[in-house]
Every structure is written in C-alpha cells, then in structure tokens.
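Participant: Model the structure of this input:
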Amino acid sequence: MTDRTQTAPPPPPGSTSRVAVLLVDDQAIVGEAVRRMLAPESDLHFLYCADPAKAMEAAAEFRPTVILQDLVMPEIDGLTMLRFYRANPATRDVPIIVLSTKEEPKVKAEAFTLGASDYLVKLPDPIELIARIRHHSRGYIALIERNEAYAALKRSEERLADELSQAAQYITSLLPERLSGEPATDWSFIPSVELGGDAFGYYWLDADHFVMYLLDVCGHGVKAALLSISAMNVVRNQTLPSTDFTSPAQVLSGLNEAFQMERHNGLYFTMFYAVYDRRTRQIAYASGGHPPAILICGDTVETATIIELSKRGMIIGGMPGVTFHEEVRDLPALSRLYFFSDGAYEITKPDGTMMKLSEFVQILTDARFAGGPAIEHTVNAIRAVRGGDSFEDDVSLVEVTF
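Facilitator: Numbers count the residues shown, from 1 in each chain. Predicted coordinates:
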C-alpha cells in the first residue's frame, strides 16, 4: 500500500463544500481499513499519510475538513501532532479526531486540552466513523464559508470606504475659496463616514449681486453626493431656464421642477439660497425645507442682535408646482451671516440625547467672543459635544461677513 491513497478524485482548487479526510497513522493496515470503510461514500475524499513528519505538508496540499490522528506513533506522538496542528494557521481550525487503541480518561482529557475535537477507539464502527466525519466536516465547512463571506464583506466595505473617501475629496475640491475683503467668507466641511449630500458655494453673479447657497440631499452615500454635485453645478453655472438668479424664490422654484424626486431615485434636498445686493446693502433669501440661517448684526459685537432667517418652504423635489417665497432684510454695518446643514446640530451626545438647534445657535453666537475664527471655535465646540471627531452626517457651516 502506498503512503497516500484517495477514494475519490482530488477536489477542485478553492472548493469548500467537499468532505476531505486526512488519516495520519504509521500502520498501513489501519490506513487500508479506513480506506475501505470510506470507499462506499463517493463524496468523501480520503488521503492516507503514514509518516507524521509529512502530515503538515499533506494537510497544506490536501486541505482536509477533518483529520484522523493516531495517538501512538514512533518518533512523533499524536499529542505532539495536536500541538503542531493548532499552531499552524492552515490547520488551526480543522477538526481533529484522535484515534487510540483504548479508552484512557487521562489521555482523553489531555487530548481535548490540546485541541482535539473528538476521540475514538480504533477501529470504530464504519457507520459511527462516517457520521462523526460528516458532523465535524459540516461545522468546519460552515466556518470556512462564514470566514469567506466575512472577508468578502470586508473587502466590499473597504472598496466602498475608498469610493466614499474619493467622493468626499471631489466634493471638497468643488467648494469655493475663502474670500477676504467685502464680503469675507470662512467655512468648514466635515464629511461623515458614509458621506452625506451637503454642498455649498458663493460667487459674484454680477458686479452688485453676491449669491450664497447651501443644500443638503437626503440620505447618505455616493448617490446622495452625485445629486448634490448636480444641483450645485446647476446653481453655479446658472443653467435653469427663464430664471432670475437674483431672485431666491425663482431659483428654488426652478430647482424644484428640475429635480423632482421621482426622476432622481426618490431623493430630495433642502436648500438655503440668498443674494446680497451691495448697492442697497440688503439680503434677499428663501429656504426650501432648510434650517434657518443665523444673522448676527448690530452696531457692536457686544450689542449685536441674533436673528433667525427662517423663510421655510417645501423641500426641493417633493412635489411639482410649489411656490416659494423670499424675504429681504437690511444689513447693519456689523453683520455676520451663518448658514449650515442640519448635520451641524443633529448630533448624538455621549449620553444618547440629541443636541438641539437652540444649543447650536448658542454655541454659534458665543463664538463671537472667542477671540479667534468663529468657524473654528464652533466646530471645536460641537466636536466636544459629540465626544469625538467623527459625525453621523455631513457638517457644513458657512460664515459671510459683510
């Protein structure tokens, strides 16, 4: 009898559904006896190894779903082999059935301590042996399949995380440069782990009108980011037909018709849009389901008034034919406008409660006394409330100083 025999052709590479039995026993007669026991089972792959020194090599090549290990052998005993199997990553989890010539409780206890899965006195009844082989193999195959599914899921999550990271970098690259002079601008954009649908911008429409906007698409992920980029490009490039971009109400109405949710995979967005007229020093604004902007204005920082610019309308894309309304407000000599996404204040605190808009507004208004950039102070404050650097949603916050 040769050192290695099989009852069925070798399994295909990468196969995890077959039952493969490796017998390590120095007695050829035992190898032949086990081969005959398993021969009627055409789906069982069998490999016999008479030399324990070659067992690890055989296991690496054959990839057994169960190992039948003789306990008493010359040179290397079965308990030592158990240690080798459990120390080797390739065989660490493979079920091992120890074969012994007699029942010895002390030896059995030591075998189980070293990692044996089962213990049989040889030669066992064929029915019992085959049943135990199938039982242990099923558990091992299920473990392999679970690990492979987990690994595939992890690879998929890593690819998705990479795609979201690239999308966040692309969105950031589209955001405007900070301006100095009049008006001056500052902003912060912190994408969430899943990437939300925030986008914002500002630009001079002409020599007298300065446009400001921020939109927030529902949901997370690449599809939300794509819609936010599409809407931002429409506003930035002024591609809405028959729309006066100095009129916030007309712009929101045009966007609402252009981005109806049934044509965009059920997605909609909220938006704040404002236009500053430097000739009259007035700001016109309108909102489509968006949080109110905050205007801090007055003669001095200490006496400044906190005003919510809350002309809330319907969400953008919710239903066609919606009429949006705008308001106009005079800007005093000292005026700072803040507009933001709801991710800036819908923050879960460490105690499980949700931060309120009023708390965020208080943080925002306190920032004027902080003695540094108000945006930086506000972001640091909400990170402290969150108890960490990551956020559940995109955080977008824009400051415009007139």
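
Participant: Which neighbouring elements make contact with the helix of greatest length in the chain?
Facilitator: The helix that spans the most residues within the chain, counting by DSSP state H, is helix 126-174. When contacts are defined as 3 or more C-beta pairs under 8 Å, 6 or more residues apart in numbering; DSSP states H and E, helix 126-174 sits against strand 19-24, helix 28-38, strand 66-70, strand 96-100, strand 118-121, strand 197-204, helix 222-237. C-betas here are computed from N, CA, C, even on glycine.

Participant: In TSV, list the ones you listed along with mean neighbour count and distance to His290.
Facilitator: Putting these into TSV (neighbours: other C-beta atoms under 10 Å; distance: least, C-beta to C-beta, whole Å) gives the following:
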stretch	mean neighbour count	distance to His290
strand 19-24	26	61
helix 28-38	17	71
strand 66-70	25	63
strand 96-100	23	64
strand 118-121	16	65
strand 197-204	23	11
helix 222-237	18	13
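
Participant: Any stretches of this structure with poor pLDDT?
Facilitator: 1-17 (pLDDT under 70).

Participant: What are the boundaries of the helices in it?
Facilitator: Using DSSP H, helices in the chain cover 28-38, 55-62, 78-87, 105-113, 126-174, 222-237, 248-258, 357-366, 374-386.

Participant: quick one: Leu82 and Ile67 touch, right?
Facilitator: No: under the criterion of C-beta atoms under 8 Å, Leu82 makes no contact with Ile67, lying 9.6 Å away.

Participant: Common neighbours of those two, please.
Facilitator: Ile96 (C-beta atoms under 8 Å, 6 or more residues apart in numbering).

Participant: What distance do you get for the closest residue to Asp25 other than its chain neighbours to Asp93?
Facilitator: Nearest residue to Asp25 in three dimensions, chain neighbours excluded: Asp70, at 3.9 Å (C-beta to C-beta, 6 or more residues apart in numbering). From Asp70 over to Asp93 the distance is 21 Å, taken as C-beta to C-beta, to the nearest Å.

Participant: Contacts for stretch 374-388, please.
Facilitator: 186-188, 190, 336, 344-345, 347-350, 355, 359-360, 363-364, 366-368, 370, 389, 395, 397, 399.

Participant: One more pass at 6 Å, please.
Facilitator: For stretch 374-388, contacts defined as C-beta atoms under 6 Å, 6 or more residues apart in numbering pick out 186, 188, 347, 349-350, 355, 363-364, 367, 370, 399.

Participant: Can you tell me who Val24 pairs with across the strands?
Facilitator: Counting by DSSP bridges, Val24 is bridged to Cys49, Gln69.

Participant: How about the contacts made by it?
Facilitator: Val24 neighbours (C-beta under 6 Å, 6+ apart): 49, 52, 55, 69.

Participant: and the third one, how many neighbours?
Facilitator: Translated: Ala55. When neighbours are counted by other C-beta atoms under 10 Å, Ala55 registers 22.

Participant: And Ala374, by the same measure?
Facilitator: Ala374 has 22 neighbours, counted by other C-beta under 10 Å.

Participant: Same check on Glu104?
Facilitator: Residues lying near Glu104 (other C-beta under 10 Å) number 14.

Participant: Could you pull out the buried residues of stretch 356-372?
Facilitator: 357, 359-361, 363-365, 367-368 (16 or more other C-beta atoms under 10 Å).

Participant: Now tabulate the residues you listed in JSON lines and tack on distance to Ala20.
Facilitator: What follows is those, written out as JSON lines (distance: C-beta to C-beta, whole Å):
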{"residue": "Leu357", "distance to Ala20": "63"}
{"residue": "Glu359", "distance to Ala20": "62"}
{"residue": "Phe360", "distance to Ala20": "62"}
{"residue": "Val361", "distance to Ala20": "67"}
{"residue": "Ile363", "distance to Ala20": "63"}
{"residue": "Leu364", "distance to Ala20": "66"}
{"residue": "Thr365", "distance to Ala20": "71"}
{"residue": "Ala367", "distance to Ala20": "67"}
{"residue": "Arg368", "distance to Ala20": "73"}
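
Participant: coming back round to it: where's the longest helix of the chain relative to the chain centroid, distance-wise?
Facilitator: On the basis of C-alpha atoms, centre = their mean, to the nearest Å, helix 126-174 is displaced by 15 Å from the centre of the chain it belongs to.

Participant: check contacts around Arg281.
Facilitator: Applying C-beta under 6 Å, 6+ apart to Arg281 gives the contacts Leu331.

Participant: do the one 5 residues further on as well
Facilitator: In this structure, Ala286 makes contact with 248-249, 252, 273, 311, 324, 326, judged by C-beta under 6 Å, 6+ apart.

Participant: Mind splitting the protein into its structural domains?
Facilitator: 19-148, 176-401 (automatic domain parsing).

Participant: now the ones you listed in TSV, with distance to Lys154?
Facilitator: Converted to TSV, the domains of the chain look like this (distance: least, C-beta to C-beta, whole Å):
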stretch	distance to Lys154
domain 19-148	10
domain 176-401	16
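
Participant: for these, which one sits closest to Glu158?
Facilitator: Nearest to Glu158 among those is domain 176-401 (13.0 Å), distances taken as C-beta to C-beta.

Participant: Tell me how far that closest one lies from the chain's centre.
Facilitator: Using C-alpha atoms, centre = their mean, the offset of domain 176-401 from its chain centre is 26 Å.

Participant: Give me the distance between the two termini of that domain.
Facilitator: 15 Å (C-alpha to C-alpha, to the nearest Å).

Participant: Pairing partners for the nearest residue to Thr305 once chain neighbours are set aside in the sheet, please.
Facilitator: Take Thr305 and drop its neighbours on the chain: the residue closest to it by C-beta to C-beta, 6+ apart is Gly298, 5.2 Å away. Per DSSP bridges, the residues bridged to Gly298 are Leu334.

Participant: Report how many residues lie close to Gly298.
Facilitator: Burial measure for Gly298: 15 neighbouring residues, criterion other C-beta under 10 Å.

Participant: All the strands of the stretch 201-350 of the chain, residue numbers only.
Facilitator: Remark: strands assigned in the stretch 201-350 of the chain by DSSP state E, counting those that start in this stretch are 209-217, 269-277, 282-288, 293-298, 305-309, 312-313, 327-330, 334-340.

Participant: Having no further points to raise, I will conclude here.
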